[in-house]
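A.B. asks: sequence below, structure please.
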Amino acid sequence: MSGPRIVRAPRGTELSTQGWQQEAALRMLQNNLDPEVAEHPEKLVVYGGTGKAARDWRSFDAMIRTLRTLKQDETMLVQSGRPVGVMQTHEWAPRVLIANSNLVGDWANWEEFRRLEALGLTMYGQMTAGSWIYIGTQGILQGTYETFAAVAAKLRSIGKGVDGTLAGTITLTAGLGGMGGAQPLAVTMNGGVVICIDVDPRAISRRIEHRYLDVKADSLAHAMQLATEARDRREPLSIGLLGNAAELLPQMLAEGAPIDIVTDQTSAHDPLAYLPVGIPFDEMATYAAEKPADFTIRARESMARHVEAMVGFMDAGAEVFDYGNSIRGEAQLAGYGRAFDFPGFVPAYIRPLFCEGKGPFRWAALSGEASDIHKTDKAILDLFPENESLHRWIKLAQDKVHFQGLPARICWLGYGERDKAGERFNDMVASGELAAPVVIGRDHLDCGSVASPYRETEAMLDGSDAIADWPLLNAMVNVASGASWVSIHHGGGVGMGRSLHAGQVTVADGTKLAGEKIRRVLTNDPGMGVIRHVDAGYDRADEIADERGVRIPMREGDSQ
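C.D. replies: All right, here's what the predicted structure looks like:
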């Protein structure tokens, strides 16, 4: 076939390629487009409005065909979703190298990107869409959970929370797509109530179907009634509300809605994916395609209204933060002067974890059997018995997370932990305890793999927010360490011109070689986070480097 079709990754132990490293890449590419996983698989869009797994169906077919014949000493090169070559390398080299959406600095903007995209020369890879390690909404869930847990801890520290959870609070947010859809479950896992606005009724229905969202409200008044009643009972509840946040947030602010926490995860990074006020949802795609410049202006004006209301809630005493979708930057472009009055979530809550080399560690069972994930869950709990928050997360995820596509799991692990988990998984494959190999990867949103001044590297201690050498070094060290495939992307969740980021995936196939690769990759990859934050002047990163033997050449010279 040359056009859209239903794609689903194979399960089981039968290979359709020359080895498990290639088979893993093939299955994860297909898994990204599984209808259970992708937002618009017929368009090759995985999440984020435009984040694709392949440039077009012809390119997808060529990648599948090439992976099936790729040898153990060959590497497929992928340029923005299209396979452009196969090179002879060696068994330690990645089987696939990927570069998505990268443009030269002065040309790195949406207008030039869309011109090139229309010519069929590029695609938007988002983060894990174009690097074939998206695992559905669960992929961002623990990071969202950790963020809201940090919000709860902050509220307690300033006397607004009682028990370190979100019980008794109401969160207001918008966006229930592939990333934002994690918000309702993350809030209720932390004991809170949340109202989630979305313009797309299908997004609300999908989140309810997958048990990420509890109920749909009939109206704003109904949503507020449900929220306040659950808050007063101190019971968790997530409520989907159909509507445009740029209209509803100002209305709620004007009406004095009792909101404690406000954030947003609409696809604001791309103005053509944010619905302007006054345009019906069912006319959105046509309007954006026919009048992109006009649509962009109107979308930014609506974002300015949206952000102005968020600032209004902050002024009224709510905890307000940007969740990394560039809505502040877009509102500023529309002329709103207070757009950056509230912080991004990384400097506000997550950076201390980054200093320890902590970040999203995810894995998928190529067997397709949920029992393999359950066995690896137990292995994680056995490996880190003292980590109470990790144990709580795994148990909550087992109870509440719906698998999408190949069964998968995510948890946040740090430097000195990821390699232990990876080696244990590889041993479990070798012994036959697991039915088939396991793919180990992560989000590009990690401690040492991103330069993103509106998100991961916002407000760095030394002012190095926009230094983009770090993701390039991260990608190179992962290639040198033996990762199964490595990717370098531009844009991601914050949009063109605003970030560079790198990803790696390593396959635990039970062989001695895989074990050696895992040991290096899963040590060096989070190690990049430690050295990046040491270099920026964070004391906690210094402590981790000292405790765990991370070599820092500049500090070695200082000690002599």
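
A.B. asks: the closest residue to Arg156 other than its chain neighbours: what secondary structure?
C.D. replies: Nearest residue to Arg156, sequence neighbours excluded (Cβ to Cβ, 6 or more residues apart in numbering): Gly164, at 4.9 Å. Backbone N, C-alpha and C define where each C-beta goes, glycine included. With DSSP: H, G, I helix; E, B strand; the rest coil as the basis, Gly164 sits in coil.

A.B. asks: surely Gly164 is in contact with Val151?
C.D. replies: No - contact criterion Cβ atoms under 8 Å: Gly164 and Val151 do not qualify, at 10.6 Å.

A.B. asks: looking at these two, which is more packed in?
C.D. replies: A direct count of neighbours by other Cβ atoms under 10 Å for Gly164 and Val151 places Val151 higher, at 25 against 15.

A.B. asks: which ones are touching that one?
C.D. replies: Residues in contact with Val151, defined by Cβ atoms under 8 Å, 6 or more residues apart in numbering, are 166, 261, 319, 321, 349.

A.B. asks: need the nearest residue in space to the second one, chain neighbours excluded.
C.D. replies: Leaving aside its chain neighbours, Ile261 sits nearest to Thr171 (4.2 Å; criterion: Cβ to Cβ, 6+ apart).

A.B. asks: pull up the gap between the one you found and Ala268, please.
C.D. replies: 18 Å (Cβ to Cβ, to the nearest Å).

A.B. asks: ok, Pro437 to Val505 distance?
C.D. replies: For Pro437, the distance to Val505 - Cβ to Cβ - is 12 Å.

A.B. asks: er, Glu516 actually
C.D. replies: Distance from Glu516 to Val505, by Cβ to Cβ: 17 Å.

A.B. asks: quick one: residues contacting Leu461.
C.D. replies: Here Leu461 is in contact with 536-538 (Cβ under 8 Å, 6+ apart).

A.B. asks: of the residues you listed, select the buried ones using a PyMOL command.
C.D. replies: The PyMOL selection below is limited to those of these classed as buried (16 or more other Cβ atoms under 10 Å):
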select buried, resi 536+538
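
A.B. asks: need the contacts of Leu461 in JSON lines with distance to Arg27, pLDDT and secondary structure, can you?
C.D. replies: Shown next, in JSON lines, are those (distance: Cβ to Cβ, whole Å; pLDDT from 0 to 100; DSSP: H, G, I helix; E, B strand; the rest coil):
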{"residue": "Ala536", "distance to Arg27": "38", "pLDDT": "98", "secondary structure": "coil"}
{"residue": "Gly537", "distance to Arg27": "42", "pLDDT": "97", "secondary structure": "coil"}
{"residue": "Tyr538", "distance to Arg27": "38", "pLDDT": "97", "secondary structure": "coil"}
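
A.B. asks: what's the closest of the contacts of Leu461 to Glu39?
C.D. replies: Ala536 (35.0 Å; Cβ to Cβ).

A.B. asks: the closest one contacts Asp462, doesn't it?
C.D. replies: Yes - taking Cβ under 8 Å as the definition, Ala536 is a contact partner of Asp462 at 4.7 Å.

A.B. asks: now rank the contacts of Val151 by neighbours and give me the top one.
C.D. replies: Leu166 (28 neighbours).

A.B. asks: can I assume that residue is in contact with Asn190?
C.D. replies: Yes - between Leu166 and Asn190 a contact is recorded at 4.4 Å, counting by Cβ under 8 Å.

A.B. asks: identify the contacts common to the two.
C.D. replies: Counting by Cβ under 8 Å, 6+ apart, the contacts common to Leu166 and Asn190 are 148, 152, 236.

A.B. asks: hmm, which of these are the buried ones?
C.D. replies: Buried among those by 16+ other Cβ under 10 Å: 148, 152, 236.

A.B. asks: show me the shaky parts of the stretch 351-500 of the chain.
C.D. replies: Along the stretch 351-500 of the chain, the model assigns pLDDT under 70 to no residue.

A.B. asks: what about 90?
C.D. replies: Counting by pLDDT under 90, the stretch 351-500 of the chain contains low-confidence residues at 388-389, 400, 402, 493.

A.B. asks: where exactly do the helices run in it?
C.D. replies: Assigned by DSSP state H, counting those that start in this stretch, the helices in the stretch 351-500 of the chain fall at 351-355, 370-383, 388-400, 418-431, 469-481.

A.B. asks: about what we covered before: what's the closest of the contacts of Leu461 to Leu226?
C.D. replies: Using Cβ to Cβ, the contacts of Leu461 come closest to Leu226 at Tyr538, 41.9 Å.

A.B. asks: if you drop the residues flanking it in sequence, what lies closest to Asn325?
C.D. replies: Asn325's closest residue in space is Ala268 (Cβ to Cβ, 6+ apart), at 4.6 Å.

A.B. asks: test my guess that the one you found contacts Ser326.
C.D. replies: Yes - contact status for Ala268 versus Ser326: in contact at 5.7 Å, counting by Cβ under 8 Å.

A.B. asks: distance from the chain centre to the lowest-mean-pLDDT helix or strand in the chain, please.
C.D. replies: Sorting the helices and strands of the chain by mean pLDDT, DSSP states H and E puts helix 553-558 at the bottom, at a mean of 83. Distance of helix 553-558 from the chain centroid (Cα atoms, centre = their mean, to the nearest Å) equals 35 Å.

A.B. asks: so which residues make contact with it?
C.D. replies: By Cβ under 8 Å, 6+ apart, the residues outside helix 553-558 that reach it are 534-535, 542, 545.

A.B. asks: put the buried members of those residues into a ChimeraX selection.
C.D. replies: Buried members of the contacts of helix 553-558, defined by 16+ other Cβ under 10 Å, are picked up in ChimeraX with:
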select :534,535,542,545
